[in-house]
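[1] Okay, here's the prediction I keep looking at, along with the sequence it came from:
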Amino acid sequence: MRIAISTGGGDAPGLNAVIRAAVLSAIDRGWHVLGIRKGWAGLLGDDDVVPLTRDEVRGIGHLGGTILRTTNRGNPFAYPVKQDDGSFKEVDRSDELIENARNLGINAVIAIGGDGSLSIAHQLSQKGMRIVGVPKTIDNDVSGTITTFGFDTAVTTAMEAIDKLHTTAESHDRVIVMEVMGRHAGFIALHSGLAGSAHVILIPEIPYDVDKVAAAIMAREARGRHFDIVVVAEGAHAKGGESSTMGASLPGQDRRVGGIGQRLAVQIQDRTGKECRSMVLGHLQRGGMPTGYDRLLATRFGGAAVQAIEDGKWGEMVALHSPHIVTVPIVEALKEPRRVDPNHDIVRTARRTGISFGD
């Protein structure tokens, strides 16, 4: 048996732990393992396919990032190909990818990624490639699993930042708005905000009214509390409005969600008269060593993915259904994106402890 591993989409703490566990579990069965570098690019001639042995994965379980590298622009069904004039054209190279995998003797692939990467994996599975998925995203927005690896580390990073912001905000009687990742789901903002004792949490699932945000801040002011921490997910938006966007990272790409923190800081300062600063936590949430929880979950996922291959569970994704690791059809996991339930007990607990959601 020869299997291959691919990491696609945004990086997340714990990717290397998945790779390590999958490689060691496969070698234990006497299998050979290949690593597809930079998403699917290695199978399309734009990067390499490399052997993964015990030596390649030694000492990587605690490291952030991915030794295979990754990309957000590697969809083989709409692969960007540079034209003579410098522009890019999207081409379907999926058949070429499957043929190249066959020529390399690859019997099955472990595809590690979020909803975008898992959607690609499902499409390749529909075309006959034998694939098992592993859910990965710091946003925690993949359905079918209680949680994804990378999320706990991102929450911990955001919480530690909130802890630091408390001291400087209180010293200057300031309002500080911290923007965290979460284009469509507010899990990072919600969990880190509650754990870090923020005063306002704004998430995409609960549209806010900036006047109510300002009112919550002034209510604290009246109680003699002259500083505030506002945690906002990048995809949060006002009632009746849309998410804030910024310029594209590269020519030809869509505009990126973001910029809400700075916009909100200006609006709050105008309405309250209080000095207001903003900061974007950004890619700090993706970097660094994974927490113990994420290392353990990632390791369990890696081992379970190899077991799923052995069991022939093609087109399925490993998932946490606590306390067990199970498999679910990828297509089922993609049907409904995972979002924060506005009536969840975490939201209710936040409200009862005085946190405002601006609604």
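    Good, I have the coordinates. Numbering: from 1, shown residues only.
[2] who's the residue nearest to residue 262 when sequence neighbours are not counted bridged to?
    Of all residues not flanking residue 262 in the chain, residue 278 sits nearest, at 4.7 Å (C-beta to C-beta, 6 or more residues apart in numbering). Every C-beta, even on glycine, is put in place using the N, C-alpha and C of the backbone. Note on residue 278: beta-bridge partners by DSSP bridges are residue 177.
[3] Thought residue 176 was touching residue 278, still the case?
    Yes - in this structure residue 278 lies within contact range of residue 176 using C-beta atoms under 8 Å: 7.3 Å.
[4] So for those two, which sits in the more crowded spot?
    residue 176 (24 against 21; other C-beta atoms under 10 Å).
[5] give the contact list for the more buried one.
    By C-beta atoms under 8 Å, 6 or more residues apart in numbering, the residues touching residue 176 are 165, 168, 169, 227, 228, 229, 230, 276, 277, 278, 279.
[6] Who wins on neighbours among the residues you listed?
    Busiest of the contacts of residue 176 [other C-beta under 10 Å] is residue 230, holding 29 neighbours.
[7] didn't it look like it was pressed against residue 198?
    Yes - Residue 230 is within contact range of residue 198, at 6.9 Å (criterion: C-beta under 8 Å).
[8] Residue 6 - how many residues pack around it?
    Neighbours of residue 6 (other C-beta under 10 Å): 30.
[9] Give me the spatial nearest neighbour of it, chain neighbours excluded.
    Per C-beta to C-beta, 6+ apart, closest to residue 6 is residue 36, 4.3 Å.
[10] Look up how far residue 66 lies from the one you found.
    11 Å (C-beta to C-beta, to the nearest Å).
[11] These two: which has the busier surroundings?
    Taking other C-beta under 10 Å, residue 36 and residue 66 do not tie; residue 36 has more neighbours (30 against 24).
[12] Next one: that one, what pLDDT does it get?
    With respect to pLDDT, residue 36 scores 97.
[13] phi, psi of it?
    phi -90, psi 110 (degrees, to the nearest 10).
[14] For residue 106, see how far away it is.
    Distance from residue 36 to residue 106, by C-beta to C-beta: 9 Å.
[15] which residues do the two both contact?
    With C-beta under 8 Å, 6+ apart, residue 36 and residue 106 have common neighbours residue 4.
[16] Out of the contacts of residue 176, the closest to residue 342 would be?
    Closest approach between these and residue 342, by C-beta to C-beta: residue 230, at 18.4 Å.
[17] what's the offset of the host helix or strand of the closest one from the middle of its chain?
    Using DSSP states H and E, residue 230 falls within strand 228-233. Relative to the centre of its chain, strand 228-233 is centred 20 Å away, using C-alpha atoms, centre = their mean, to the nearest Å.
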